[in-house]
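Enquirer: Return a 3D structure for these sequence lines:
(2 chains)
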2 protein chains.
Amino acid sequence: MSNVKALPLLDTGTDGSVAPCCPPLTERPMTAAEAETAAKMFKALGDPVRLRLFSAVASHEGGEACVCDISDVGVSQPTVSHHLKKLKEAGLLTSERRGTWVFYRVEPSVLTAMGLILRTP
Amino acid sequence: MSNVKALPLLDTGTDGSVAPCCPPLTERPMTAAEAETAAKMFKALGDPVRLRLFSAVASHEGGEACVCDISDVGVSQPTVSHHLKKLKEAGLLTSERRGTWVFYRVEPSVLTAMGLILRTP
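Expert: Numbers count the residues shown, from 1 in each chain, chains lettered A, B, ... in the order given. Reported below is the predicted structural model:
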């Protein structure tokens, strides 16, 4: 997929495997650097409209959606595009242009990494 | 524990069991009401200092901590108190006063609920 940016919540090992950036919250206090990275992802989901858009993409058929697929969140198409870009900048979505439209996709590994941070013992 | 507020991410059933407010992000688009509730929790963790404080409480011995236990996050004690209050208002921490100090505790069920929202199929 083109335009894939580095996902800040994940470190890619030399074997191509991915590991979460940060320990579970219950394991030990986060360092400043870990908290900077993880807070960006949580902040991106800390807006109701962005969260709805994220769930619209995440739950869409095939795990991807373009602005053209999303019309029921009650905001204009330019606003949808703006929020999807913000989610991409936060590393939560990747995108690929196909003709007129940009398609967005949720990286399941990012959800997994965030879930691990919230894991309880 | 005294001063326990309703945790907005959870619904308490008549049998006392708790259920997450919102479906997994990948299951279906969130409604506006669900997104309002869940976004508050993510937003509370969307600040690096608050996230470090939250992990300091969550990983502290016995799963609870007071301001007196937290000194290494690089902010003043009043700032620590301010952020802990914000985390409590967001439903992520509960608190109990014992003599001079207020002790904060992470509700594991809240972490579980947030983890479920991020669950991948």
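
Enquirer: Grab the nearest non-local neighbour of A:Ala90.
Expert: Among residues not flanking A:Ala90 along the chain, A:Ala44 sits closest, at 3.5 Å (CB to CB, 6 or more residues apart in numbering or on different chains). Using the backbone N, CA and C atoms, a C-beta is placed for each residue, glycine as well.

Enquirer: wait, what's in contact with the most centrally placed residue in chain A?
Expert: The centroid of chain A falls nearest to A:Leu92 when counting by CA atoms, centre = their mean (1.2 Å). Residues near A:Leu92 by CB atoms under 8 Å, 6 or more residues apart in numbering or on different chains: A:Met41, A:Ala44, A:Leu45, A:Phe54, A:Val106, A:Glu107, A:Val110.

Enquirer: Tell me the one of those residues nearest chain B?
Expert: A:Leu45 (4.0 Å; CB to the nearest CB).

Enquirer: What separation do you get for the residue nearest to the centre of chain A and chain B?
Expert: 10 Å (CB to the nearest CB, to the nearest Å).

Enquirer: how about that residue, phi and psi?
Expert: phi -90, psi -30 (degrees, to the nearest 10).

Enquirer: Can you give me the buried ones in stretch A:98-109?
Expert: Of all the residues in stretch A:98-109, those buried under the rule 16 or more other CB atoms under 10 Å in any protein chain shown are A:Val102, A:Phe103, A:Tyr104, A:Arg105, A:Val106, A:Glu107, A:Ser109.

Enquirer: Just confirm the third one is within a strand.
Expert: Which is A:Tyr104. Yes: with DSSP: H, G, I helix; E, B strand; the rest coil as the criterion, A:Tyr104 is located in a strand.

Enquirer: What sits closest to it if chain neighbours are left out?
Expert: A:Leu93 (4.6 Å).

Enquirer: any idea how far A:Val73 is from chain B?
Expert: From A:Val73 over to chain B the distance is 8 Å, taken as CB to the nearest CB.

Enquirer: One more: A:Phe42?
Expert: Taken as CB to the nearest CB, the span from A:Phe42 to chain B is 4 Å.

Enquirer: Which helix or strand contains that residue?
Expert: Using DSSP states H and E, A:Phe42 sits in helix A:32-44.

Enquirer: counting contacts, what elements does that helix pack onto?
Expert: helix A:108-117, helix B:32-44, helix B:48-58 (3 or more CB pairs under 8 Å, 6 or more residues apart in numbering or on different chains; DSSP states H and E).

Enquirer: Contacts for that helix next, please.
Expert: A:8-9, A:21-23, A:30, A:50, A:86-87, A:90-92, A:110, A:114, A:117, B:42-43, B:45-52, B:55, B:74.

Enquirer: Now it: buried residues?
Expert: A:Glu34, A:Ala35, A:Glu36, A:Thr37, A:Ala38, A:Ala39, A:Lys40, A:Met41, A:Phe42, A:Lys43, A:Ala44.

Enquirer: Dihedrals phi and psi, A:Ala65?
Expert: Per degrees, to the nearest 10, the backbone of A:Ala65 is at phi -160, psi 150.
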